[in-house]
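Novice: could you look at this predicted model? Sequence included:
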Amino acid sequence: IALSAERDLDRLLEKIVKEARGFTGADAGTLYLVEGESLKCVVVQNDSLKRWGRLDLPPVPLSPEYVSAYVALTGKVVNIPDVYSSRDFNFEGPRRYDALTGYRTKSMLVVPMRDHRSRTIGVLQLINALSPEGEVVPFGKEYEELVLSLASQAAVAIDNARLISDLERTLESFIEALASTIDARDPYTAGHSYRVTQYTLAMAELDGASPREMKVYEYAALLHDYGKIGVRDAVLLKPGKLDPEEYEEVMKHVVYTQEILSKIYFPEELREVPDIAGSHQEKYDGSGYPRGLKDDEIPRGARIMCVADVFDALTSERPYRPRMPIRQALSVIREGAGSHFDPEMVELFFKLPLSRVLGIMAHGRGEPPVDLGKLSEVTLGDLYEALTKGERSPEEMLGLSGGEV
């Protein structure tokens, strides 16, 4: 049984119980994982009680009076023909379960899940073996070794899935920590990486990006400005307009970004992160930097991020200028289609729900200036059309006082 190929822990746990029930003919099954001083029930399957939907069972204390805990503590297999007739364990839990659901728990096979280090990480509990005629019968002794073998394979697969999950969380926290160092360095751009990431992901969702692509875009957007650590404070934090030499130094940040990120080991599915992050200053017509890429030479994620990056920069305050009103920023984005921006990505941007955009804009700046629930059906395109036609003022459309849009 190919359990090691499943990386999603929840699907893996369900698959383990389903496979064990399949070859033993069990009507029901549960899977417990050791958590501290108790067993946490993480899977409940019962063909006879499907109409009940999801059934949650309470944790089982790691006390030998309970059969699942006994198996976890001793590593022994327990095979019981009828739990109601057994005097070896406390079966008040199954009796309460039966009283609640009308079920009748009878035969039970309980096996430890021991990994390659001989640690018991959980318990697999199979309930009510069924004969070909559908009658509840005891579990055959020949199944004990088979289920034990499956449980051992399952324990190793669970360890692997947990390890992968831990590594993914470690990488994610590392990426977020790197992004926060840029925010901490320049208070005027604090929150920029987060907002660009959220705009990028919102557009990518509309673009039909896969989960893998969404993760690549997320990391690339969070780190797109990381190369600014190579730019001098005197230039990066200068309150006035940059001279040509200083501007050239700032432009180098995308090269630094790609060089630095290329030194980080990304797994195969994330290998595009450095290239996408290092391409966010390219322009659709080839006039961008650092490589002068154009059209689809620019990675798709970078073409999305380019729109997100410019919009957030325009609508953010800088030491040398105030934030640009939304109406003006939208005009810059629309007018840049085909030159600065990929026209397809501009169209995606204008399809974003206005409520989502305003919610992202508010990050790090306090509450949004309007009830976002009222704008759930309004897009940026709707707002832009209202602005260009002049039929309604943006303040009327959003319910704001003058001067906020």
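Specialist: Great, that's in hand.
Novice: CA only for contacts and neighbour counts going forward, please
Specialist: Fine.
Novice: what's the closest non-adjacent residue to Leu339?
Specialist: Heads up, residue 339 is Ser, not Leu. Asp285 (4.9 Å; C-alpha to C-alpha, 6 or more residues apart in numbering).
Novice: now for the one you found, how many residues are close by?
Specialist: 16 (other C-alpha atoms under 10 Å).
Novice: surely it meets Gly338?
Specialist: Yes - Asp285 lies in contact with Gly338 (C-alpha atoms under 8 Å); the separation is 6.8 Å.
Novice: shared neighbours, those two?
Specialist: Counting by C-alpha atoms under 8 Å, 6 or more residues apart in numbering, Asp285 and Gly338 have no common neighbour.
Novice: now do the SS call for Val346.
Specialist: helix (DSSP: H, G, I helix; E, B strand; the rest coil).
Novice: same deal with Leu55?
Specialist: coil.
Novice: test my guess that it contacts Cys41.
Specialist: No - under the criterion of C-alpha under 8 Å, Leu55 makes no contact with Cys41, lying 10.2 Å away.
Novice: compare those two (neighbour count), which wins?
Specialist: Neighbour comparison, Leu55 and Cys41: the larger count goes to Cys41, with 20 against 13 (by other C-alpha under 10 Å).
Novice: could you report the distance from the nearest residue in space to that one that is not next to it in sequence to Ala204?
Specialist: Closest residue to Cys41 apart from its sequence neighbours, by C-alpha to C-alpha, 6+ apart: Tyr32 at 4.3 Å. When distance is defined by C-alpha to C-alpha, to the nearest Å, Tyr32 is 38 Å away from Ala204.
Novice: same check on Asp82?
Specialist: Applying C-alpha to C-alpha to Asp82 and Ala204 gives a distance of 55 Å.
Novice: go on, His340?
Specialist: Taking C-alpha to C-alpha, one finds His340 at 19 Å from Ala204.
Novice: what's the answer for Arg7, then?
Specialist: Distance from Arg7 to Ala204, by C-alpha to C-alpha: 24 Å.
Novice: the more surrounded of these two?
Specialist: For Arg7 and Ala204, the more surrounded residue by other C-alpha under 10 Å is Ala204, and the numbers stand at 23 against 17.
Novice: so the more buried one is in which element?
Specialist: Using DSSP states H and E, Ala204 sits within helix 192-206.
Novice: packing partners of that helix?
Specialist: Other helices and strands packing on helix 192-206, by 3 or more C-alpha pairs under 8 Å, 6 or more residues apart in numbering; DSSP states H and E, are helix 142-185, helix 211-222, helix 300-314, helix 343-350, helix 354-361.
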